[in-house]
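K.L.:
Kindly return the folded structure for what I paste below:
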Amino acid sequence: MEYAELHCLSNFTFLRGASHPQELIERAAELGYAGLALTDECSVAGIVRAHAAARDLPLKLVVGSEITTGEHLKLVVLAPNRRAYGELCRLIGFARRAAVKGEYRVGREELARHLQGSQCLTLWLAEESPDIEDGVWLKERFADRLWLAVELQSNGCKRQTLDDCRAIAKKLGLPLVASGNVHMHSRERRMLQDTLTAIRHGKPVERLGFALHPNAERVLRPLDELARIYPRDLLRETLSILERIEFSLDELRYEYPRELVPEGRTPTNHLRILTEEGARRRWPEGVPEKVTRLVEHELELIGELKYEPYFLTVHDIVRFARNEGILCQGRGSAANSAVCFCLGITEVDPARMEMLMERFISRERNEPPDIDVDFEHERREEVIQYIYTKYSRERAALAATVITYRPKSAIRDVGKALGFGAGELDTLARSLHWWDRRNVDTERVTEAGLDPASPRVRRLLSLVESVLGFPRHLSQHVGGFVISERPLSELVPVENAAMPGRTVIQWDKNDLEELGLLKVDILGLGMLSAIRKSFELMEDFYGREFSMSSIPAEDPEVYRMISKADTLGVFQIESRAQMAMLPRLKPRCYYDLVIEVAIIRPGPIQGDMVHPYLRRRNGEEPVTYPSAGVRKVLERTLGVPIFQEQVMQLAIVAAGFTPGEADQLRRAMAAWQRRGDLGSMEERLIQGMLERGYRREFAERIFNQIKGFGEYGFPESHAASFALLAYVSAWLKCHEPAVFFCALLNSQPMGFYAPAQLVRTAREHDVDVRPIVVTRSRWDSSLEPGAGCEPAIRLGLRVVKGLSAKGGERLLEARAGREFADVEDLARRARLDAKDLGALAAAGALKPFARNRHRARWSVAGIEKPAPLLDRARIPEAIPMLKAPTEGEDIMADYRRMGLTLGRHPLALLRERLGAMGVLEAEAVRRLKHGTRVCAAGLVIIRQRPASADGVTFVTVEDETGYLNLIVWENVAQRERRALLGAMLLGVEGRVQKEGEVLHIIAERLHDQSRLLGGLTARSRDFR
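P.N.:
Predicted coordinates for the structure are as follows:
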């Protein structure tokens, strides 16, 4: 007997389905099903994953969806062909767009309007007691494309349900078909399915009653079991329907937008004209022969694969941004393209780089390229709205991101469903931190005051583990745009995003890549905002225009600063790992920066490439090459493969791969950690090298280095794009520190370091940073004439926590008319409420009118909204003799209201107590020898635990004399977890590790000394 399941929900029917799409597909194939229809409720969000799972299995996948109308009429709609698929997507999109995010709404008449005359097949889900009037309405509209689905769940009413369905089907002349209303692939998921139901209803499982399924029969059942339950003719009818299904997602073909081609031109010659015009602008004295060859090669490949409209689309977006003065820069694999450079999409000069177009597009891969463009993060919305305006919401939408359950959210949701108290769950969830992986270990449970051995807690942990990774809802991708020639709703449903003015498709980035569909990443980059603001500040202060191209190249002074690791605030090279590398690498030119950006990445680190490269660069190890071909590929990185392009070129040169096959190798490398095997790729690469005369030792070493990249490989083109921004930001810091730090403060939040560290570093660079005062400060931090020719920074009102933007705007408008006489005049003319006045007083911004914070608070406390008759009356009051706050109180208030202080560092006030405890200053630690035991302490400003660091946590602390970097091995981190993750003021005992100018403390014991800070609050920035 054969059977096809035609009604099946995955976990993309959020909080109903209890299995992943791929689990359902694999189980159906294992049971010998002829086909399976994935019919998530008003959604095709999981269909791509099902399609990928079914690709190599003897199982036909059917695309469908379960729809319930506002009148409680429930259907399954199946797509037998490409046209019907488009009709289904339009219906889903219509229903989703008609409701708020996460819901849908469609009535009978709207359903009929979308499906009447369509080619979709329809199953009427009549449940236990079908209404004949519903059947009449459906029969009139869907005629020979309608079946009555019989769903028998062994609930004691099986015979009655079957008899009722047969009677109605006979009256209406409808065929009957068996279906299972499947919610899970295995009965073992029953408990999880009940838990999801409880989460959906917002009640504990014990209070759900009939809302729960009565048994575990909504599962993929063995064929012999189905044969005992259903009449044979109903099972055979599933195969009749399956025979009518011809559609596969492989049929989807993307059509690029075409309106960008002027009348009388083709996409091919228009792209060529724009490219040649761009080349002449880039090289006014003549295009280098190397570039000409590259451009011709690329244009030929682009034309052969018909990608011209894609390049024209991205060029148009970049052109708009540049015309609007929005800084932007392409990166990633797109920077491997000379055409992209000529079009202005990227700034990586092909004359200075080794280009490999096949890293970007290739014949063998036969899928569209992927161009990422970074825009100023504060102006990216302008670009997004331009795309919507130009192409309409019918043809442009953001990709989705599938938000999945992680430990904290799983504990809270599952725990509530099991009846745990809010306090218990909050304590357990708070015991988990950003570094915890997907598991919840028993130590955390005990720490939260729960017994991990109790049946109740074991059930909680088991269900939490089961639900981890389950989709919870669809969110919008950070910037992946899909733009098409025809309405997107024919390709994939479009629904509302949570953010007003945004729409998203139901597939995420990985789904698009799986189907080979075009996506343009419109990304936001904080450093571009900071650079643009730097140029504006320089123009306002100096009266001269500046741009990226006007920054002098290869400035030795800039590289000297970089080599000293004076890079806090500089793009990409400000992390503690980069700062530790810079004095060892000592970049002297742009290409050194390209290597610096790329080498502190998991790929080179895991592939053991960092130390060999440094030894060769420092002359400690000879640089040798087994052949001239390998030398050409690896010479610029001293014989060590650091970039993805080099991996691909080695496969071509040393193992005989074609460029397209080399890209397949790159992709296999990216996936091997997930799949656990490289199989034929490993054999082919090594055998290809052996056949060309390379020694096995060399072939295996290269393969292991390549394998180290895993999914963290970094393309040279990407590093080159980032290195440009690293250089520009370093130049600004070196030559215009006041401008640079002012722009960074105005671009927050961004980067590794908080405003407190930015201000401190600015002052260390002799920048005069002045406090916030209501008589001088603008909303943003600004430049003022300082000592000599150098500008000073005046902190802006935006730094004040609790001050509303509207209040700040009214303050500035009132001050533009005339200066404020006193606090009362400020409050009245700027129409500030008590909250805004209190924020200004607490931040010390009222100092011109009140000598200290205590007086300022007294002044604002007595201000009341005046009565109409007394609006301009002045009621003088005596100034109270309030004691001024202590220095410590002022510092605590600074951190509380601004997150920084211009006074002394908090630890300067504690130095005597810390000294008595044997705690050394950072400056004293830096003078110690390698291996010296030490006791130090500082405010935690960064915690970082990279995925590639094998459980090592890196911590940066600061005191009044500077920064210290701590290395905390995993065993120490577990033992000292509470102090490591909870301390604001962290004490450390350990040993000094010193290599040249680079110093770390290897932590042996950690102490939470935050109690010494009193009420001071200082937040760290924590990164995975």
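K.L.:
CA only for contacts and neighbour counts going forward, please
P.N.:
Will do.
K.L.:
Under the pLDDT cut-off, which ranges of the stretch 1-150 of the chain? List them.
P.N.:
Across the stretch 1-150 of the chain, residues meeting the criterion (pLDDT under 70) sit at 128.
K.L.:
cool, and the stretch 801-950 of the chain?
P.N.:
Along the stretch 801-950 of the chain, the model assigns pLDDT under 70 to residues 864-881, 947-950.
K.L.:
Please repeat the previous calculation with a cut-off of 90.
P.N.:
Flagging of the stretch 801-950 of the chain using pLDDT under 90 yields the residue ranges 817, 821-828, 832-834, 847-894, 896, 942-950.
K.L.:
so where do the strands sit in it?
P.N.:
Using DSSP state E, counting those that start in this stretch, the strands of the stretch 801-950 of the chain run over residues 933-944.
K.L.:
Please enumerate the helices of it.
P.N.:
805-817, 823-830, 834-842, 853-861, 887-898, 906-916, 922-925 (DSSP state H, counting those that start in this stretch).
K.L.:
So what angle separates the directions of the longest one and helix 834-842?
P.N.:
Put plainly, it is helix 805-817. Angle, helix 805-817 to helix 834-842, by axes from the mean of the first three to the mean of the last three C-alpha atoms, to 10 degrees: 70 degrees.
K.L.:
Flag the helix or strand of the chain with the lowest per-element mean pLDDT.
P.N.:
Least confident helix or strand of the chain, by mean pLDDT, DSSP states H and E, is helix 602-606 with a mean of 57.
K.L.:
Tell me the first helix or strand C-terminal of it.
P.N.:
Past helix 602-606, further along toward the C-terminus, the next helix or strand under DSSP states H and E is helix 610-617.
K.L.:
And that next one, what's buried?
P.N.:
610, 612-617 (16 or more other C-alpha atoms under 10 Å).
K.L.:
Run through the helices of the stretch 651-800 of the chain in chain order.
P.N.:
Using DSSP H, counting those that start in this stretch, the helices of the stretch 651-800 of the chain run over 659-675, 680-691, 696-709, 716-735, 737-745, 755-764.
K.L.:
Using PDB, list the CA coordinates for the shortest one.
P.N.:
C-alpha atoms of helix 737-745 as PDB (Å, rounded to 0.1, in the frame of the first residue of the first chain):
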ATOM      1  CA  PRO A 737      41.600  63.400  17.500                       C
ATOM      2  CA  ALA A 738      39.100  66.000  18.700                       C
ATOM      3  CA  VAL A 739      37.100  65.600  15.500                       C
ATOM      4  CA  PHE A 740      37.300  61.800  15.500                       C
ATOM      5  CA  PHE A 741      36.200  61.300  19.100                       C
ATOM      6  CA  CYS A 742      33.500  63.900  18.800                       C
ATOM      7  CA  ALA A 743      32.100  62.100  15.800                       C
ATOM      8  CA  LEU A 744      32.300  58.800  17.600                       C
ATOM      9  CA  LEU A 745      30.300  60.200  20.600                       C
END
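K.L.:
mean confidence for that helix?
P.N.:
Over the span of helix 737-745, the pLDDT mean works out to 97.
K.L.:
List the contacts of that helix.
P.N.:
Applying C-alpha atoms under 8 Å, 6 or more residues apart in numbering, the set of residues contacting helix 737-745 from outside is 527, 530-531, 533-534, 537-538, 569, 729, 732-733, 755, 758-759, 762, 765, 767-768, 781-783, 790-793.
K.L.:
For it, buried residues please.
P.N.:
For helix 737-745, using 16+ other C-alpha under 10 Å, the buried residues are 737-745.
K.L.:
Max pairwise distance over the residues you listed: which two?
P.N.:
Looking at the buried residues of helix 737-745 by C-alpha to C-alpha, the two members farthest from one another are Pro737 and Leu745, with 12.1 Å of separation.
K.L.:
Show me the helices in the stretch 451-600 of the chain, by range?
P.N.:
With DSSP H, counting those that start in this stretch, the ranges of helices along the stretch 451-600 of the chain come out as 455-467, 509-515, 526-542, 556-563, 576-585, 590-599.
K.L.:
Tell me what angle the fourth one forms with helix 716-735.
P.N.:
In terms of direction (the same axes, to 10 degrees), helix 556-563 departs from helix 716-735 by 110 degrees.
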